[in-house]
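Peer 1: Everything below, folded, please.
(2 chains)
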Number of protein chains: 2
Amino acid sequence: MTSLFTAPTGGRTPDPSLAHRRADATVTLRGPDGAPLADQDVVVRQTRHAFLFGCIGFDLVDLAGGTSQDPAYDGRLADAWFDVFNQTTLPFYWGTFEPERGAPQTDRLLRAARWFADRGVVVKGHPLVWHTVQPDWLLGLPDAEVERLQRERVRRDVAAFRGVVDTWDAINEVVIMPVFTAQENAITPLARQKGRVEMIRMAFEEARAENPGATLLLNDFDLSTAYECLVEAVLGAGIRIDRLGLQSHMHQGYLGEERTLEILDRFSRYGIPIHFTETTLLSGDLMPGHIEDLNDWQVESWPSTPEGEERQADEVERHYRTLLSHPSVEASTYWGLSDRGMWLNAPGGLLRADGSPKPAYDRLRGLVKDEWWLAPTTLRTDAEGRVRFGGFLGDYTIERLDGGGAGTVTLDTPGAVTLEGKLPHAA
Amino acid sequence: MTSLFTAPTGGRTPDPSLAHRRADATVTLRGPDGAPLADQDVVVRQTRHAFLFGCIGFDLVDLAGGTSQDPAYDGRLADAWFDVFNQTTLPFYWGTFEPERGAPQTDRLLRAARWFADRGVVVKGHPLVWHTVQPDWLLGLPDAEVERLQRERVRRDVAAFRGVVDTWDAINEVVIMPVFTAQENAITPLARQKGRVEMIRMAFEEARAENPGATLLLNDFDLSTAYECLVEAVLGAGIRIDRLGLQSHMHQGYLGEERTLEILDRFSRYGIPIHFTETTLLSGDLMPGHIEDLNDWQVESWPSTPEGEERQADEVERHYRTLLSHPSVEASTYWGLSDRGMWLNAPGGLLRADGSPKPAYDRLRGLVKDEWWLAPTTLRTDAEGRVRFGGFLGDYTIERLDGGGAGTVTLDTPGAVTLEGKLPHAA
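Peer 2: Residues are numbered from 1 along each chain as shown, chains lettered A, B, ... in the order given. The predicted model follows:
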């Protein structure tokens, strides 16, 4: 049977036990001379999750660049941020990145990206091609000129950030792109002329040309069959998608486990790891279901409420448990840490506008850094120098309690693994 | 600029005057000796519309085969049918065509198809591949076996009907095919395994192999962006679609001119002629808008009402005027002549259950055979043997009033045309 894509036979069955995210490691520790370290006390510490727990970093760009208007507040935000997350999304909207033609904010974003990267965070740029938040100066140019400028823009920014930003939403919301009517822009007419697949090819080929090792996503909010058809179109056209981005702004209510798993079942068929790229859950009133474009809901005040905060905490926990239960999910990015400056003014943050944590923050932190995290654990090696421990996939340090140095091991495949660890410093 | 499809620059602007469907012909008539027939009286008669005014022929299959249970009623139906339509759709649902494996109803359908074709009607088979109305004996077979049988089925039936049925809905409703859940069937799992594009490739390549000259349609009820994405997928995969089929069962209300033109604007971008393949407009209560799958609406009685019949007549007229106004539309098929035996019991027929015409029938007939039709017209040739007449694209006979024979001309391009006509019979 000819198949457009390799339908994976395994690895697609949800497992709430998360066994597919855990390893049981047997590590033989050796000293600088290569001999097993028998009967030694060591402390094992987890230092990184393999799963990408992401959050946008928009509101920390100023702090990172030393231009924060409120360093105390932003500092608290940063502390909360780094206590939970290991992946961030930074804003590369063309209209705000280069409002004046030829004067891109490369330095400002590069400072922010380096600030995150230096702290061990995976940085994603969002997005290289989109029809919204476009520079005014593109309007009225001929399609061919818009395409030339768009290609140049992709190459310029991917090249400038290579080595710091190696993950990109190459193109955003292509399902609606050629039929988007809410705002005049220069990209929709181009998409109408070229077609969706060729728009995608353009974004991916230009980004790939400048950074062959980059992780490139196709990202969309449309999780209907339309997006499936588009993915099949892209695969059929021979365009390599590294990761499939699914947005999930749940301003109109939590999807629920059943619908989330149904979506995952449909989109995992392509054998492409899935990133939940834009997750929002509210701690206040929900947006009415009849609003089709979330941007159409403009309210003066949208408070976080005590009942809303309890519901949000439950839903955040359910959502993350559901996503991690599915082996195809590799990342989940929350869309906004604090309510201050939230998209649409919505109470979707994990912190309140004053920076204090909502229950959802504590709940998520409890999963990421407690239930799914190995607390520092003292173990004693056996006669062959072996220690055994279990934990989530990620990085661990193993430190000799006698001051004999520390080493690092990475658990990157689930199940039982046998590893070697060197603790190179002399005692 | 690379483009998946050639976005046509012209031929896509709606024109309610229908000038794009009309020609003004100057025909020089010559006798058997080749000399111009000067100063002769002739009658010009339109005999065929180039536009395909279609209607399903399901309820005439028995009459065509000589097995009608009610020949008087069916005869009236047939008279009404042939007075308006020049294209038909016949049922090739695998489950009813071959309910017993190895015993397809080829003879019965071949009789019906020939009966229509002998009367100058273009016959379409519907559909070669679909996930609904499937034979029970497919259930439980391995995917690879289902694919083999499906391929054989397409080849067998296309070959058996070649020369009589040369138009096929090659595959039906692919957007939903791999995620269809309403009924267990063997095609959905196959589509899930192969992907949509490869299902389409299978249908088209097998049909094309047996009838290279056939007109093959991709047909769907989903007129959202999902279908656009699918069309782009198919074009990107290099599969040739001859005609794009759009269903329009309007049980929940008439689409209206604006939405219809918006749909046509989106789907005409691919440069593929469009067939409105399944049009229904009701002359009774509408189905509530919250019903997602029309098949879920099961009612005991669904009467045609006087007010409903007036509304239906208006909507049928508006719908056909809108479709013909768009140059990309080549066919419109109405889904059911009489209310007797209508899908879902809906009062969507152009005739009542007793066979009497509803106002919609008269209105449609008035367009097709009066306003858009050249009534028999007596003209006199000039000194050079020329007559001039204007009419809709299609076939016309020109007959000498002196018994000197008749000839045929075809108007197949809009605007002013100059033709030669031979009236070969001696006077």
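Peer 1: tell me the mean pLDDT for the longest helix seen in chain A?
Peer 2: As assigned by DSSP state H, the longest helix anywhere in chain A is helix A:306-325. Mean pLDDT, computed over helix A:306-325, is 98.
Peer 1: Can you tell me what sits against that helix?
Peer 2: A:14-16, A:18, A:21, A:51, A:248, A:250, A:254-257, A:260-261, A:264, A:276, A:279, A:281-285, A:329, A:332, A:347, A:350, A:358-360, A:362-364, A:367, A:372 (C-beta atoms under 8 Å, 6 or more residues apart in numbering or on different chains). C-beta coordinates here come from the backbone N, C-alpha and C atoms, glycine included.
Peer 1: partner strands of the lowest-mean-pLDDT helix or strand in chain A, parallel or antiparallel?
Peer 2: Least confident helix or strand, chain A: strand A:415-422 with a mean of 88, by mean pLDDT, DSSP states H and E. Sheet pairing for strand A:415-422, assigned by DSSP bridges, gives strand A:22-30 (parallel).
Peer 1: Which strand or helix spans the residue of chain A positioned farthest from its centre?
Peer 2: Computed with C-alpha atoms, centre = their mean, the residue of chain A farthest from its C-alpha average is residue A:383, at 42.5 Å. Taking DSSP states H and E as the definition, residue A:383 sits outside all helices and strands.
Peer 1: Find the nearest non-adjacent residue to it, please.
Peer 2: Closest residue to residue A:383 apart from its sequence neighbours, by C-beta to C-beta, 6 or more residues apart in numbering or on different chains: residue A:38 at 5.0 Å.
Peer 1: Contact partners for the residue nearest to residue A:31 when sequence neighbours are not counted?
Peer 2: In space, not counting the residues next to it along the chain, residue A:31 is nearest to residue A:37; the distance is 5.3 Å by C-beta to C-beta, 6+ apart. Shown in contact with residue A:37 (C-beta under 8 Å, 6+ apart): A:29-31, A:381, A:385, A:400, A:404, A:423.
Peer 1: ok, so of those residues, who is nearest residue B:293?
Peer 2: residue A:29 (61.8 Å; C-beta to C-beta).
Peer 1: Wait, residue A:112 touches residue A:67, no?
Peer 2: No - with contact defined as C-beta atoms under 8 Å, residue A:112 does not reach residue A:67; the gap is 10.3 Å.
Peer 1: neighbour-wise, which of the two wins?
Peer 2: residue A:112 (25 against 11; other C-beta atoms under 10 Å in any protein chain shown).
Peer 1: Residue A:117 and residue A:394, how far apart?
Peer 2: Distance from residue A:117 to residue A:394, counting by C-beta to C-beta, to the nearest Å: 18 Å.
Peer 1: of the two, who's got more company?
Peer 2: The residue with more neighbours, out of residue A:117 and residue A:394, is residue A:394; 21 against 17, by other C-beta under 10 Å.
Peer 1: ok, that one to chain B distance?
Peer 2: Look at residue A:394 and chain B: by C-beta to the nearest C-beta, to the nearest Å, they are 34 Å apart.
Peer 1: Ok, residue A:78 next?
Peer 2: 40 Å.
Peer 1: State the next helix or strand along the chain beyond the helix or strand harbouring that residue.
Peer 2: Assessed by DSSP H and E, residue A:78 sits inside helix A:71-84. Sequence-wise, the next helix or strand downstream of helix A:71-84 (DSSP H and E) is strand A:87-91.
Peer 1: Other residues contacting that following strand?
Peer 2: Against strand A:87-91 from outside (C-beta under 8 Å, 6+ apart): A:52-58, A:61, A:97, A:109, A:112-113, A:116, A:121-126, A:165, A:169, A:277, A:331, A:333.
Peer 1: rerun at 7 Å
Peer 2: Contacting residues not belonging to strand A:87-91 are listed as A:52-58, A:109, A:112-113, A:116, A:121-126, A:331, A:333 [C-beta atoms under 7 Å, 6 or more residues apart in numbering or on different chains].
Peer 1: what do you get for stretch A:390-408?
Peer 2: A:21-24, A:27, A:29, A:40-50, A:372-374, A:378, A:409-412, A:414, A:421-425, A:427.
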